[in-house]
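Colleague: here you go, sequence then predicted model.
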Amino acid sequence: MGAMEGSAIAFMIFGWGVVFIMMAIGLSKVFKAGIYFEEKKEEKQ
Amino acid sequence: MAPERERWATRLGLILAMAGNAIGLGNFWRFPYQLAKNGGGAFLIPYFIALFLLGIPLMWTEWTIGRYGGQHGHGTLGPAFYLMSRKSLGPTGALVFGIIGGMLAFAVTTLLNSYYIHVIGWTAAYFGYSIAGSYYGVDTVKFFGQHVSNLKAVLLSWLISLALLGLCVGRGVSRGIEKWATIMMPILYIAAIILVIRAFTLGSPVKPEWSSLAGFNYIWRPDFETLKSNFFAISLAAAGQIFFTLSLGMGIIQNYASYLRPEDDIVASGFATTSLNEFAEVILGGSIAIPIAFAFLGPKEAIKGGVGLAFMALPNVFTQMGSAGRFFGALWFLLLWFAGFTSAIAMYNYLVALLEEDLNIKRPIGALIVFILYFLLGLPVALDSSLTYLSELDNWVGSYILVVLGFFDIIVGVWLFLPKRYWEELHKGALMSVPKVYYWITAVVAPAYIAFLLVGTTWDYYQKGIFSQTGTWILGARIAIILVMIVGAIEAYLAIKRKYG
């Protein structure tokens, strides 16, 4: 008793994986553009 | 030409403020008890489906509505809905949709926050009780009842939280909301991570068969049998949780997005906000309350903990931890307070923006007026220790009106604005492109999902007899909802008429 079943471990890896991939995609795009909004404007100019 | 509006100073600040907006009591309090109540792993299957088919598209729609409204000087939904509806409707038709949007958002931000700030006040009080060990050695269910009946304690913790909200919002978007979020959100994440590590390392402190890993097993075992036998109820609960956790259908995502510049990205920012919220919910929120309760109270007590999990069941756990429990108890309630506070800021700011933009009232004065409004609307919550008034407000405002508003978000922001124009508007200044399949998911699947949620909730209320309930506090809550909606409708009408004739 008390241990996790294989299917639970697999689903947990899937669920956590989905969230981490979402974070990696979203945050990397945002921070690649720079912390400050002005940076984007300067780049354009 | 729209008047110059306040803007977010940094992208990091925007993301943290938006994440703070979305991350609330729903992540750490509502999510665990919904999980427990709906079969753990059986709940997570429709939850992930709802996240991708309902949550993410609606999040992008609300960011789009917000940024579009902000370009025209509007941070509130009435005028923003009016302008978007005008793309396919005449002035009268657009006015109707503007009034509906303004009325619903006004009702949610006033009434939902009027009791939400009380719950935040409870967490503040319990933070103090944890440090002092006040609930040690007593019946925690009775202790909670005593707390909500203790008017002095309720008023004190409520008014402190309310005053701090007023102080933060009164300082403005970048100097107040953004700065506070930049400090509070990292602390929130750190506190949650400490509690998650504790949950993983608990072992079996009471009985060999009770362990936190058994809790994780319950949460993550993909239980298709339970899902099959109770498919509609569990799917409905999962879709409702997605609405609540992402702060959708409240008007507050749109309000924060209105402080963006016309060419600022909303696709990646909206996606990043959603991902941070899901990190706080699925990974952190899902790994604290239930596993800890499994280890100390056993599976039966942990699963039936329900809404009382945070304030009644977990204090029992902290008591059993001995003196370390004071630290972990305080950390848990501080986490809840931060989570609730950063969401309440957004609802508070919606009303301040309304006074600022529609009535030209300066922000600090507006913050004071909203403080008085919340004080008056929150008094019945403080006086009713049976919590009937609060529950009735939550039944309608916190679980129903926001779904209706979400439905109108899609009708106005996508269909009346025209789907192609919506897609172009969404991609203006985008740092990433949205897969084309989301064009159809947003326009067709998401509104169908919301319609399913609305019909299901109505049926559920009918079966539970919520429509026919009577009593003084229930009647009072219903009168308050009707009055606030009338005021919201009049305000939206006047705001649209004054600006657009």
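Modeller: Good, I have the coordinates.

Colleague: B:Met432 belongs to a helix, doesn't it?
Modeller: No - counting by DSSP: H, G, I helix; E, B strand; the rest coil, one finds B:Met432 to be coil, located in no helix.

Colleague: surely it and B:Ser269 touch.
Modeller: No - counting by Cβ atoms under 8 Å, B:Ser269 is not a contact partner of B:Met432; they are 10.0 Å apart. In this view, the C-beta of every residue, glycine as well, is placed from N, C-alpha and C.

Colleague: between the two, which is the more surrounded one?
Modeller: When B:Met432 and B:Ser269 are compared on other Cβ atoms under 10 Å in any protein chain shown, the one with more neighbours turns out to be B:Ser269, at 29 against 18.

Colleague: hang on, that one is in a helix, isn't it?
Modeller: Yes - per three-state DSSP, B:Ser269 lies within a helix segment.

Colleague: which residues touch it?
Modeller: If you count contacts by Cβ atoms under 8 Å, 6 or more residues apart in numbering or on different chains, B:Ser269 has them with A:Gly26, A:Val30, B:Arg11, B:Leu14, B:Ile15, B:Met18, B:Trp63, B:Leu431.

Colleague: surely the fourth one is in contact with B:Leu260?
Modeller: Yes - taking contact to mean Cβ under 8 Å, the distance of 7.5 Å between B:Leu14 and B:Leu260 places them in contact.

Colleague: now the common contact residues for those two.
Modeller: Counting by Cβ under 8 Å, 6+ apart, the contacts common to B:Leu14 and B:Leu260 are B:Trp8.

Colleague: pLDDT, secondary structure and neighbour count for the contacts of B:Ser269 - can I get that in a markdown table?
Modeller: As requested, the contacts of B:Ser269 are arranged in a markdown table below (pLDDT from 0 to 100; DSSP: H, G, I helix; E, B strand; the rest coil; neighbours: other Cβ atoms under 10 Å in any protein chain shown):
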| residue | pLDDT | secondary structure | neighbour count |
| --- | --- | --- | --- |
| A:Gly26 | 95 | helix | 23 |
| A:Val30 | 91 | helix | 23 |
| B:Arg11 | 89 | helix | 23 |
| B:Leu14 | 92 | helix | 28 |
| B:Ile15 | 93 | helix | 26 |
| B:Met18 | 94 | helix | 28 |
| B:Trp63 | 98 | helix | 27 |
| B:Leu431 | 95 | coil | 21 |
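
Colleague: nearest to B:Gly172, of those?
Modeller: Checking the contacts of B:Ser269 against B:Gly172 by Cβ to Cβ gives B:Leu14 as the nearest, at 14.2 Å.

Colleague: where's the nearest residue to the closest one once chain neighbours are set aside, which helix or strand?
Modeller: For B:Leu14, ignoring the flanking residues on the chain, the nearest one in space by Cβ to Cβ, 6 or more residues apart in numbering or on different chains is B:Trp8 at 4.1 Å. Assigned by DSSP states H and E, B:Trp8 belongs to neither a helix nor a strand.

Colleague: minimum distance to chain B, which residue of chain A gives it?
Modeller: Scanning chain A for proximity to chain B using Cβ to the nearest Cβ identifies A:Gly26 as nearest, at 3.2 Å.

Colleague: from A:Tyr36, how far out is that residue?
Modeller: 18 Å (Cβ to Cβ, to the nearest Å).

Colleague: same deal with B:Arg326?
Modeller: Relative to A:Tyr36, B:Arg326 is positioned 42 Å away (Cβ to Cβ).

Colleague: who's more crowded, these two?
Modeller: For B:Arg326 versus A:Tyr36, the count of surrounding residues by other Cβ under 10 Å is larger for B:Arg326: 18 against 14.

Colleague: doesn't B:Ser130 make contact with the more buried one?
Modeller: Yes - because the distance of 5.7 Å satisfies Cβ under 8 Å, B:Arg326 is recorded as touching B:Ser130.

Colleague: which neighbours do the two share?
Modeller: Applying Cβ under 8 Å, 6+ apart, one finds that B:Arg326 and B:Ser130 are jointly contacted by B:Phe318.

Colleague: residues of chain A that sit close to chain B?
Modeller: With the criterion set to Cβ under 8 Å from any Cβ of the partner chain, chain A comes near chain B through A:1-5, A:7-9, A:11-12, A:15-16, A:18-20, A:22-23, A:25-27, A:29-37, A:40.

Colleague: could you dump the contacts of B:Ser269 into JSON lines with distance to B:Ala346 added?
Modeller: Listed next are the contacts of B:Ser269 as JSON lines, based on distance: Cβ to Cβ, whole Å:
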{"residue": "A:Gly26", "distance to B:Ala346": "19"}
{"residue": "A:Val30", "distance to B:Ala346": "19"}
{"residue": "B:Arg11", "distance to B:Ala346": "18"}
{"residue": "B:Leu14", "distance to B:Ala346": "13"}
{"residue": "B:Ile15", "distance to B:Ala346": "14"}
{"residue": "B:Met18", "distance to B:Ala346": "9"}
{"residue": "B:Trp63", "distance to B:Ala346": "14"}
{"residue": "B:Leu431", "distance to B:Ala346": "23"}
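
Colleague: farthest pair in those?
Modeller: Taking Cβ to Cβ as the measure, these have their most distant pair in B:Met18 and B:Leu431, spaced 14.8 Å apart.

Colleague: in chain B, which residue sits nearest chain A?
Modeller: B:Ala272 (3.2 Å).

Colleague: give me the element that residue is part of.
Modeller: With secondary structure defined by DSSP H and E, B:Ala272 is part of helix B:267-278.

Colleague: any low-confidence regions in the stretch 1-150 of chain B?
Modeller: Across the stretch 1-150 of chain B, the stretches falling below the confidence threshold (pLDDT under 70) are B:1-3.

Colleague: let's see it at 90
Modeller: Low-confidence segments of the stretch 1-150 of chain B, defined by pLDDT under 90, are located at B:1-6, B:9, B:11-12, B:29, B:33, B:36-37, B:141.

Colleague: would you map the helices across it?
Modeller: Listed from the start of the chain, the stretch 1-150 of chain B has helices (DSSP state H, counting those that start in this stretch) covering B:11-22, B:25, B:31-37, B:41-50, B:56-71, B:77-85, B:91-107, B:113-132, B:140-149.

Colleague: I'd like the ones you listed as JSON lines, with distance to B:Gly215 appended.
Modeller: Rendered in JSON lines, the data for those read as follows (distance: least, Cβ to Cβ, whole Å):
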{"stretch": "helix B:11-22", "distance to B:Gly215": "25"}
{"stretch": "helix B:25", "distance to B:Gly215": "20"}
{"stretch": "helix B:31-37", "distance to B:Gly215": "9"}
{"stretch": "helix B:41-50", "distance to B:Gly215": "12"}
{"stretch": "helix B:56-71", "distance to B:Gly215": "28"}
{"stretch": "helix B:77-85", "distance to B:Gly215": "40"}
{"stretch": "helix B:91-107", "distance to B:Gly215": "37"}
{"stretch": "helix B:113-132", "distance to B:Gly215": "21"}
{"stretch": "helix B:140-149", "distance to B:Gly215": "19"}
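
Colleague: deepest of those, which one?
Modeller: Most buried of the helices of the stretch 1-150 of chain B, by mean neighbour count (mean count of other Cβ atoms under 10 Å in any protein chain shown): helix B:77-85, with a mean of 29.

Colleague: for it, packing partners?
Modeller: If you count contacts as 3 or more Cβ pairs under 8 Å, 6 or more residues apart in numbering or on different chains; DSSP states H and E, helix B:77-85 packs onto helix B:56-71, helix B:91-107, helix B:472-500.

Colleague: neighbours around B:Glu6, how many?
Modeller: 19.
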